[in-house]
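> Following is a predicted model, sequence given first.
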Amino acid sequence: MGQIYEAVCTCKTTDKTLQDLKRQLPMVTAKLLLHGLPFEIMDGDAANVPIVWVTAVLRNLKKIIGDKQLLALSVLGIQSSGKSTLLNAMFGLQFAVSAGRCTRGVFMQLVNVDDKRFPFDYILVIDTVGLRAPELGHQKYSHDNELATFVIGLGDITIVNIKGENTAEVKDVLQISVHAFMRLKLANTRLNIKQSCVFVHQNVPAFDANDKMMCERQKFVDI
Ligand SMILES: Nc1nc2c(ncn2[C@@H]2O[C@H](COP(=O)(O)OP(=O)(O)O)[C@@H](O)[C@H]2O)c(=O)[nH]1
Ligand SMILES: [Mg+2]
């Protein structure tokens with residue numbers, strides 16, 4: 001649908017059927033998004049974000065929901081660290097889960113929040129392809145940095161998902177995240193950056209993990 005929409009936009013036709021299609025496609029997709037279907041915002045194979053299409057869909061979404069409050073929550077972490085599983089468990093979603101490289105690209109899904117205790121009406125959950133994908137070979141460092149900048153920039157809050165208590169992994173992801181924050185700061189020098197990161201350790205069986213991690217964390221702070 002996105003490709004048809006962008007093709008119609010590019011060819012600047014006055015054909016009535018195509019113009020109708022151009023008006024309806026983003027509206028239909030916005031409605032599907034409201035019904036809880038995932039929406040691809042980055043193509044996993046070409047690493048392309050169809051800006052025209054995504055903008056049109058989000059404009060239509062805004063038209064439907066009005067000026068409701070929306071919290072964007074994204075996730076970042078190494079491949080197969082259970083990012084999709086975590087989001088599915090937290091929000092009752094159905095992002096694809098499997099061993100190996102499963103989520104390709106970046107997907108978003110909208111969750112309606114009925115609870116009045118929260119200051120927002122919708123949570124936009126953004127699931128991403130993992131960092132350190134072995135398929136990417138030597139390109140992986142630039143890929144990881146670009147992906148992290150994209151994901152941290154999109155989310156109001158980014159969950160950095162870490163499987164276990166491995167601090168080497170924390171160090172890697174921390175470097176990538178700091179790089180992303182620096183890039184964001186460079187990009188909007190006049191704006192205040194409102195994005196934040198939350199580190200989540202899951203699958204930690206050791207009972208003394210909390211104290212041990214505190215110690216390691218202090219080492220990072222000292223560095
Ligand atoms: N035992 C166990 N397996 C998990 C857990 N979270 C994820 N998995 C498994 O790890 C694999 C990768 O999970 P997935 O969510 O697709 O990882 P992603 O690539 O980071 O999105 C799947 O086979 C999951 O079933 C967990 O907390 N415990
Ligand atoms: Mg996944």
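Yep, that arrived. Ligands and ions are numbered 1, 2, ... in the order given.
> Alpha carbons only: can I get stretch 73-90 in CSV?
Extracted in CSV, the C-alpha atoms of stretch 73-90 (Å, rounded to 0.1, in the frame of the first residue of the first chain):
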residue,chain,number,x,y,z
LEU,A,73,7.7,3.6,23.6
SER,A,74,10.4,1.9,21.7
VAL,A,75,12.7,-1.0,22.4
LEU,A,76,16.4,-1.5,21.7
GLY,A,77,18.6,-4.6,22.3
ILE,A,78,20.7,-7.3,20.8
GLN,A,79,19.1,-9.8,18.4
SER,A,80,17.1,-12.5,20.1
SER,A,81,17.3,-10.9,23.6
GLY,A,82,13.5,-11.2,23.8
LYS,A,83,12.5,-7.7,22.8
SER,A,84,9.3,-8.7,21.0
THR,A,85,8.5,-11.2,23.8
LEU,A,86,8.8,-8.5,26.4
LEU,A,87,6.5,-6.1,24.5
ASN,A,88,4.0,-8.8,23.9
ALA,A,89,4.0,-9.7,27.6
MET,A,90,3.7,-6.0,28.7
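> In it, which residues are buried?
Counting neighbours by 16 or more other CB atoms under 10 Å, one finds that the buried residues in stretch 73-90 are 73-84, 86-88. Glycine gets a C-beta too; all of them are placed from N, C-alpha and C.
> what about residue 33, neighbour count?
Counted with other CB atoms under 10 Å, residues neighbouring residue 33 total 21.
> Same question for residue 188.
10.
> Now do the contacts for residue 67.
Counting by CB atoms under 8 Å, 6 or more residues apart in numbering, residue 67 makes contact with nothing.
> Quick one: the helices in the chain, in order.
Using DSSP state H, the helices of the chain run over residues 2-11, 16-34, 51-65, 83-91, 140-154, 167-187, 209-222.
> Quick one: mean pLDDT over the first one.
By that I understand helix 2-11. The pLDDT scores in helix 2-11 average 90.
> Quick check: pLDDT value at residue 218.
On the pLDDT scale, residue 218 is placed at 83.
> again but with residue 72, I slipped
pLDDT for residue 72: 92.
> show me where pLDDT drops low in the chain?
Applying pLDDT under 70 to the chain flags the ranges 99-103, 133-140, 189-193.
> mind redoing it with 50?
Scanning the chain for pLDDT under 50 picks out nothing.
> and of the helices of the chain, who's closest to ligand 1?
Ranking those by proximity to ligand 1 (CB to the nearest ligand atom) places helix 83-91 first, at 3.4 Å.
> contacting residues around the closest one?
Contacts for helix 83-91 (CB under 8 Å, 6+ apart): 75-77, 93-97, 102-103, 109, 111, 123, 125, 127-128, 130, 159, 161, 200, 202.
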